[in-house]
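J.: Here is the input, now give the coordinates:
(4 chains)
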2 protein chains.
Amino acid sequence: MPPTLTPRQQQILDWIAERVRRQGSPPTRVEISAAFGFSSPNAAESHLRALARKGAIVLDSGRARGIRLSESGASGDRLPLIGRVAAGSPILAAENVEEELGMNGQSFSPQAHYLLRVRGDSMIEAGILDGDLLAVHRTPEARQGQIVVARLGEEVTVKRFHRRGRKVQLRAANPEYQTIEVDLDRQELIIEGLGVGVLRRW
Amino acid sequence: MPPTLTPRQQQILDWIAERVRRQGSPPTRVEISAAFGFSSPNAAESHLRALARKGAIVLDSGRARGIRLSESGASGDRLPLIGRVAAGSPILAAENVEEELGMNGQSFSPQAHYLLRVRGDSMIEAGILDGDLLAVHRTPEARQGQIVVARLGEEVTVKRFHRRGRKVQLRAANPEYQTIEVDLDRQELIIEGLGVGVLRRW
DNA sequence: CCGATTACTGTATAAATACCCACCATGCCT
DNA sequence: AGGCATGGTGGGTATTTATACAGTAATCGG
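T.: This next block holds a predicted model:
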């Protein structure tokens, strides 16, 4: 669970959410200050930082009105879209979420928990193109030949999974790419999830 | 009724609406220009003025990202899945709807109105496999090279659209398939819609 | 008593952003 | 032939906005 917000922080978060609902765009620091009577925009700034640190919002740095609500409630019919996964962070960390797509994870089976943007054409023969969104079911279990999201060190990759004893092969679906061999006794391999579908937007 | 928007204006409005829904904040002139390939932010500015003049949006002058959508068009969050299209029936006829998928058409841009199950591998080089679901935006207008849902007589097909004068080519994305040539003076060709994305479920 | 966190005031600045001007080409209406 | 909307390029400027830095004061756990 996220750290609890202070009453003041909750109040500010509520106000921002209300603003977004009513005006369609998030407020600036100056607008927040005006609404709460702060005489310095820095008061708003530090509240925003606190809210971002606690995961209640995401700040897009350098952008005017770059405040996104982390959409804590009302999930179920929205899937987070994961773009680039920052080194060392859990996949679903707020910083990795680019946007939320209005679709139900239950449209896939097993259920999709998130969408991952695929980079490169290593899976082209499986009909997965550069930029496609892979629907992922969160599970550490994979069977032969399934498409998995795997983490090797700081890299997150999408490949076909093949296992023989303590050796795992991660195979691309493109003859130009080499199969990655992993010895489980020497390297750590984390299966983040299973590909359960593809979404492409033009 | 507000004055009708030109296709270009509608396209831009759709994109803005989509942006707001997905990112939570409206775009800047520069972002619009980047998305549409304008080399001057003024192109976006004048489109916004046109949209504002026609009442499609409201511009808050002097504010960063001060674009508000007048018409909040709360469309449904379910898309019909069209399987086989019965001869002679309109695509969206109830008899053609296999199921309703819990996803928002606004996840695509322009908006998707329905999903069509693609049969065969004629579009395999565009990454569309047998059984994939094509997200379709309903419109009779297509431009060179776009993927369209076309109706020729009783057949509904998915192909790339190319036009030269009164002749239209419907090209497969698979060398094993022949291009279909249509002379608009001799045969009727109906463009049912535009492919705006792909959904694959494993 | 110390450090950390909260909750602000006040000032400053670089970058993001809205918005102005001049101009061009096309098509449509009268 | 002329006016007007559309759909642009190219460049410029004033304003908005995010965000850094320097403080003050209060609260809380150890």
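
J.: Let me see the residues that make contact with stretch A:106-117.
T.: Residues outside stretch A:106-117 that contact it (CB atoms under 8 Å, 6 or more residues apart in numbering or on different chains): A:79-84, A:91-92, A:98, A:101, A:105, A:131-139, A:149, A:156, A:158, A:193-194, A:196-197, A:199, B:101-103, B:199, B:201-202. Using the backbone N, CA and C atoms, a C-beta is placed for each residue, glycine as well.

J.: Now the terminal residues of that stretch, how far apart.
T.: 19 Å (CA to CA, to the nearest Å).

J.: My guess is residue A:134 contacts residue A:119. True?
T.: No - Residue A:134 lies out of contact with residue A:119 (CB atoms under 8 Å); the separation is 10.7 Å.

J.: Need the single longest helix in chain A, by residues.
T.: In chain A, with assignment by DSSP state H, the single longest helix is helix A:7-23.

J.: Any part of that helix near DNA strand D?
T.: No - using CB under 7 Å from any atom of the strand, helix A:7-23 stays clear of DNA strand D, coming no nearer than 11.3 Å.

J.: List the pairing partners of the helix or strand of chain A at the bottom of the mean pLDDT ranking within its sheet, with orientation.
T.: Within chain A, no helix or strand scores below strand A:97-101, which has a mean of 80 by mean pLDDT, DSSP states H and E. Strand A:97-101 sits in its sheet next to strand A:79-82 (antiparallel), going by DSSP bridges.

J.: Pull the CA coordinates from the strand it pairs with and hand them back as CSV.
T.: Provided in CSV are the C-alpha atoms of strand A:79-82 (Å, rounded to 0.1, in the frame of the first residue of the first chain):
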residue,chain,number,x,y,z
LEU,A,79,-4.8,-1.2,-18.1
PRO,A,80,-1.6,0.6,-17.4
LEU,A,81,0.7,1.0,-20.4
ILE,A,82,4.3,0.4,-19.5
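
J.: Settle it for me: which of residue A:134 and residue A:119 has more neighbours?
T.: Neighbour tally, residue A:134 and residue A:119, criterion other CB atoms under 10 Å in any protein chain shown: the higher count belongs to residue A:134, 24 against 14.

J.: Who does that one form a beta bridge with?
T.: residue A:116, residue A:198.

J.: For it, give me its contacts.
T.: Contacts for residue A:134 were tallied using CB under 8 Å, 6+ apart; they are A:115-118, A:128, A:147, A:149, A:158, A:195, A:197-198.

J.: the helices in chain A, which residues?
T.: A:7-23, A:29-36, A:41-53.

J.: by how many degrees do the first one and helix A:29-36 diverge?
T.: Right, the one you point to is helix A:7-23. 110 degrees (axes from the mean of the first three to the mean of the last three CA atoms, to 10 degrees).

J.: which helices and strands sit right next to helix A:7-23?
T.: Judged by 3 or more CB pairs under 8 Å, 6 or more residues apart in numbering or on different chains; DSSP states H and E, helix A:7-23 is in contact with helix A:29-36, helix A:41-53, strand A:67-69.

J.: Now for residue A:102, how many residues are close by?
T.: Neighbours of residue A:102 (other CB under 10 Å): 16.

J.: That one is in contact with residue A:81, isn't it?
T.: No - Residue A:102 is beyond contact range of residue A:81, at 11.0 Å (criterion: CB under 8 Å).

J.: Up against DNA strand C, what does chain A have?
T.: Counting by CB under 7 Å from any atom of the strand, chain A sits next to DNA strand C at A:6-9, A:33, A:36-43, A:46-47, A:50, A:62-66.
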